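Trainee: can you look at this prediction? I've put the sequence above it.
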Amino acid sequence: MQGASSSSQHGCAAPLRPDAALLFTDIVLKRNRAHEQMGSRLSLSDKDHVHAHAAASLASLIKYRLKPTAGSLLAYLEDADLLHAVTDADTAIDNGFRFAGAFEVAAVVLQLGEAHAQDVRGGARFGKYKQLWRAYDVRQRILEKMRHAPSRYTCAEPSCGFRSLKAHQFRRCAGPCSPEVKPGYCSKACQRKDWARHKAVLPQHNHSNCGHTHAEVRNH
Ligand SMILES: [Zn+2]
Ligand SMILES: [Zn+2]
């Protein structure tokens, strides 16, 4: 990699300051441990509780990654931070918080296991964290679907940019446009905004013969 001078180029010195990252993660972990110990007295809200687990999971992943042993079989078998990253991610997911970082934790462990021919999901060390593996599998299936049909998961209004993994969140044009070009929108507002564009790409759907406007057709 380049020297310290590259930091000004990218405008961010974080990758060059692992000590700062470690300090930050230690603060997160200490707070989390304090929360765990005082949990009953603090009456932590459910939301704060799962967020604390998610933050602790990511902090542990950072600590693991900064070690020279990261990626080794020994790390797979014995690294406490890697194990914490998994247990906290699993707990957060088990309590309903499927945060994006959990999938990174899962991917890191699965890749590490694969690299050293370890049975991650069936093994003694990581096998019991079923919630994490289940959530990861669901996520992978959705991402696979997204790769095949990206338009199903992105608002069709070009300036909107809204994306969601939940295809049912989008309002599909109910008009007679063909399935390959049928747009989906995040909202009625976006559908209205995109109407002129959508109409223009569908000259065959002007309903000049049947008397319907496409606006009527799309709303039935
Ligand atoms: Zn249409
Ligand atoms: Zn939109």
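Mentor: Cool, got the structure. No experiment lies behind these values; they were computed from the predicted model shown. Ligands and ions are numbered 1, 2, ... in the order given.
Trainee: which segments of the chain make up each domain?
Mentor: 6-148, 155-218 (automatic domain parsing).
Trainee: what's the least confident stretch among those domains?
Mentor: The stretch with the lowest mean pLDDT among these is domain 155-218, at a mean of 79.
Trainee: next up, phi/psi of the residue nearest the centre of the chain, please.
Mentor: Here the mean C-alpha position of the chain is nearest to the C-alpha of Ala100 (CA atoms, centre = their mean), at a distance of 3.2 Å. With angles defined as degrees, to the nearest 10, Ala100 sits at phi -60, psi -40.
Trainee: quick one: name the residues of the chain near ligand 1.
Mentor: Contacts of the chain with ligand 1, taken as CB under 5 Å from the ion, map to Cys173, Gly175, Cys177. All C-beta spots, glycine's among them, are computed from the backbone N, C-alpha and C.
Trainee: highest neighbour count among these?
Mentor: Cys173 (23 neighbours; other CB atoms under 10 Å).
Trainee: just checking, that one touches Gln191?
Mentor: Yes: in this structure, Cys173 is within contact of Gln191 by CB atoms under 8 Å, at 7.3 Å.
Trainee: can you list the residues of the chain near ligand 2?
Mentor: Neighbours of ligand 2 within the chain, by CB under 5 Å from the ion: Cys155, Glu157, Cys160, Phe162, Cys186, Cys190.
Trainee: any chance of the residues you listed in a markdown table, plus neighbour count and secondary structure?
Mentor: Compiled in a markdown table, those are given as follows (neighbours: other CB atoms under 10 Å; DSSP: H, G, I helix; E, B strand; the rest coil):
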| residue | neighbour count | secondary structure |
| --- | --- | --- |
| Cys155 | 23 | coil |
| Glu157 | 22 | coil |
| Cys160 | 16 | coil |
| Phe162 | 15 | coil |
| Cys186 | 19 | coil |
| Cys190 | 21 | helix |
